[in-house]
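Engineer: Any chance you can model this:
(chains A, B, C and D)
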There are 2 protein chains.
Amino acid sequence: MLPPTPSHDQATRLLQQRGASITPARVRVLQLLLAADAAMSHQSLQQAASASGQPFDKVTLYRVLDWLVAQGLVHSVTGHDRVRRFSPMHAHATHAHFECNDCGRLFCLRGTLPFARPEIPKGFQPDRLDITVHGRCADCAASSH
Amino acid sequence: MLPPTPSHDQATRLLQQRGASITPARVRVLQLLLAADAAMSHQSLQQAASASGQPFDKVTLYRVLDWLVAQGLVHSVTGHDRVRRFSPMHAHATHAHFECNDCGRLFCLRGTLPFARPEIPKGFQPDRLDITVHGRCADCAASSH
DNA sequence: CCTCGAATGCAACCAGGTTGCGTCTGGTGG
DNA sequence: CCACCAGACGCAACCTGGTTGCATTCGAGG
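Structural biologist: Okay, the predicted model is just below:
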């Protein structure tokens, strides 16, 4: 069991603000996401959890993630490998992602962008803009040659 | 069997330019994609094919699509529903997509955007920029109320 | 301490996509 | 025009990320 750490407290606080049930699964998932430096897949979350001695049930994990997304605490992005990856929602308007062609990992890029909205056909209701840079991450670029 | 139509000719011509084997499956898939007004999923291609009386084998279809992507004739985008959708690659530098939150359909938006690249961390090698607008397409917006 | 709706865990299930392998065929050299 | 063969095709089995149904447990308000 993870002792009260800053990230544990932060996770708990975020959940309390929502007035939602504080369950161990929610706290742990949020904690892991807050501590990660890149978006985490379902699989990597399961591994991280079982590495620390208490595995999640996979269904619980899916449901916690769905719930966190619905609460707006976390957002999910589906990469080209068809795997969903999750990262905490930081309150910034539009932010870009970097998706690695080799390992598939997904990073959030800081820095707001001038968003010249593309022309939208009549009748379409735009809602949100996603910008993704594809390429190779530092690790993969370094390891290949 | 589809008679020689403009789209059939266009498809054949594109394949010939590549110096690749002209097989019926390739011609038909490319033809369907060229005729479509939105990106097509594997499923919708299969349906379109069997509606016209000669269904594709699903594996063949996957392989044809992979091949077309590898040839640079077609590009694929994975939506939030984890389904890949394919559309012919028109030779324009950067182009944006519109993904419908409701029906999941994906449209190509015309109009190039002058875009300031977001800051990329050290060591990362950017390659391509994807811009996707999320929202509701005209059909879904109209049908809901 | 009790109660109840919400959260959890298990097992079975589903869909998109992939692999292995034997058969067929487009296109080329003879 | 024919024979040949790499590459394309078709079938079946398989893999993986994700979902559903249902019985059990738990958090938190009374």
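
Engineer: all contacts plus neighbour counts: C-alpha atoms, from now on.
Structural biologist: Fine.

Engineer: distance of the residue lying farthest from the centre of chain A from chain B?
Structural biologist: The C-alpha centroid of chain A is most remote from A:Lys122, which lies 32.7 Å away (C-alpha atoms, centre = their mean). According to C-alpha to the nearest C-alpha, to the nearest Å, A:Lys122 stands 7 Å off from chain B.

Engineer: Identify the residues contacting that residue.
Structural biologist: By C-alpha atoms under 8 Å, 6 or more residues apart in numbering or on different chains, the contact set of A:Lys122 is B:Ala138.

Engineer: rerun that using 10 Å as the cut-off
Structural biologist: Contact analysis of A:Lys122 by C-alpha atoms under 10 Å, 6 or more residues apart in numbering or on different chains lists B:Cys137, B:Ala138.

Engineer: wait, is it part of a helix?
Structural biologist: No - read with DSSP: H, G, I helix; E, B strand; the rest coil, A:Lys122 is coil and lies in no helix.

Engineer: could you check the distance from it over to B:Pro126?
Structural biologist: 33 Å (C-alpha to C-alpha, to the nearest Å).

Engineer: same deal with A:Ser44?
Structural biologist: With C-alpha to C-alpha as the criterion, A:Ser44 and B:Pro126 are 25 Å apart.

Engineer: Looking at these two, which is more packed in?
Structural biologist: B:Pro126 (18 against 12; other C-alpha atoms under 10 Å in any protein chain shown).

Engineer: what kind of secondary structure is A:Leu65 in?
Structural biologist: Applying three-state DSSP: A:Leu65 is helix.

Engineer: Check it and give its pLDDT.
Structural biologist: On the pLDDT scale, A:Leu65 is placed at 97.

Engineer: And for A:Asp37?
Structural biologist: 88.

Engineer: Now the nearest residue to it once chain neighbours are set aside: which helix or strand?
Structural biologist: Sequence neighbours aside, A:Phe107 is the residue nearest to A:Asp37 in space, at 7.6 Å (criterion: C-alpha to C-alpha, 6 or more residues apart in numbering or on different chains). Assessed by DSSP states H and E, A:Phe107 sits inside strand A:106-109.
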